[in-house]
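**Q** Okay, here's the prediction I keep looking at, along with the sequence it came from:
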Amino acid sequence: MKIGDQLQKQRKLHHMSQNELAEKLHLTRQSISKWENGTTLPSFANVIAISEIFGVSLDELIKGDAALMDKLKDDGKIRLTKLETIVITGLVFVAIALAIIYGTGISMDDVSDWMSGFSLIFFILFANSINRKKFNESLNKKTVIFGILLLVTILVPFIIGIFSGFLQESIRLQKNV
């Protein structure tokens with residue numbers, strides 16, 4: 001029997017709605033629905049949680065579902081979340097960039113000029129690639145505050161860099177008059 005059928009059977013035996021099960025697993029009702037209709041498969045952690053909620057063995061829950069068995073075999077591999085990938089890969093690139101900068105003797109003023117421009121461009125590209133609806137749902141007050149501070153720390157140096165040239169030139173012109 002497939003995991004979706006087994007899940008639906010156990011849920012109904014325990015007089016539980018998809019919403020109730022989703023709340024116990026800290027998921028959405030849609031996730032439960034997708035598992036039950038076979039669109040997606042639960043993770044190994046969720047299969048364990050389901051077996052504990054319903055008081056059934058893992059064997060009883062997953063036996064006969066070849067697709068889930070294959071997925072569970074793959075779950076043993078170490079996979080990074082998208083956020084972990086961003087942070088770890090980003091730190092590697094920072095180390096490489098610093099090695100190149102210090103190795104070639106590029107001035108820090110030049111680095112600051114390009115980095116502020118690149119950071120703004122990449123921030124805009126990053127922001128445009130995010131699923132805004134899911135992103136908004138995941139934000140709490142602390143995250144909003146940190147997001148505002150991040151935006152300020154990116155934009156202030158960029159704007160100062162752009163306008164400092166104009167300001168210095170206008171000051172020079174006023175002194176010459």
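**A** Received it, and whenever you're ready, just let me know what you need. Numbering: from 1, shown residues only.
**Q** who's in contact with stretch 43-60?
**A** Surrounding stretch 43-60, the residues in contact under the criterion CB atoms under 8 Å, 6 or more residues apart in numbering are 3, 6-7, 10-11, 13-14, 21, 24-25, 27, 42, 61-62, 68, 72, 75. All C-beta spots, glycine's among them, are computed from the backbone N, C-alpha and C.
**Q** What subset of those is buried?
**A** The neighbour-count test (16 or more other CB atoms under 10 Å) marks 3, 6-7, 10-11, 21, 25, 27, 42, 61-62, 68, 72 as buried among these.
**Q** Nearest to Leu167 among these?
**A** Leu167 lies nearest to Leu27 out of those, by CB to CB, at 53.6 Å.
**Q** Assign the nearest residue to that closest one once chain neighbours are set aside to helix, strand or coil.
**A** Using CB to CB, 6 or more residues apart in numbering and skipping residues adjacent in sequence, the residue nearest Leu27 is Asn46, 7.6 Å away. For Asn46, the secondary structure call by DSSP: H, G, I helix; E, B strand; the rest coil comes out as helix.
**Q** if you look at the contacts of stretch 43-60, which of them are in helices?
**A** Residues of those located in helices (DSSP state H): 3, 6-7, 10-11, 13, 21, 24-25, 61-62, 68, 72.
**Q** Can you report how many residues lie near the residue nearest to Asp5 when sequence neighbours are not counted?
**A** Once flanking residues are discounted, Asp5 sits nearest to Glu36: 7.8 Å by CB to CB, 6+ apart. Number of residues near Glu36 (other CB atoms under 10 Å) recorded here: 19.
**Q** Wait, Glu36 touches Gln8, no?
**A** Yes. Using CB atoms under 8 Å as the test, Glu36 is close enough to Gln8 to be in contact (4.7 Å).
**Q** what residues are up against the residue nearest to Asp5?
**A** With contact taken as CB under 8 Å, 6+ apart, Glu36 is in contact with 4-5, 7-8, 11, 18.
**Q** List just the nearest of the residues you listed to Phe146.
**A** Phe146 has its nearest neighbour among the contacts of Glu36 in Gln18, at 34.1 Å by CB to CB.
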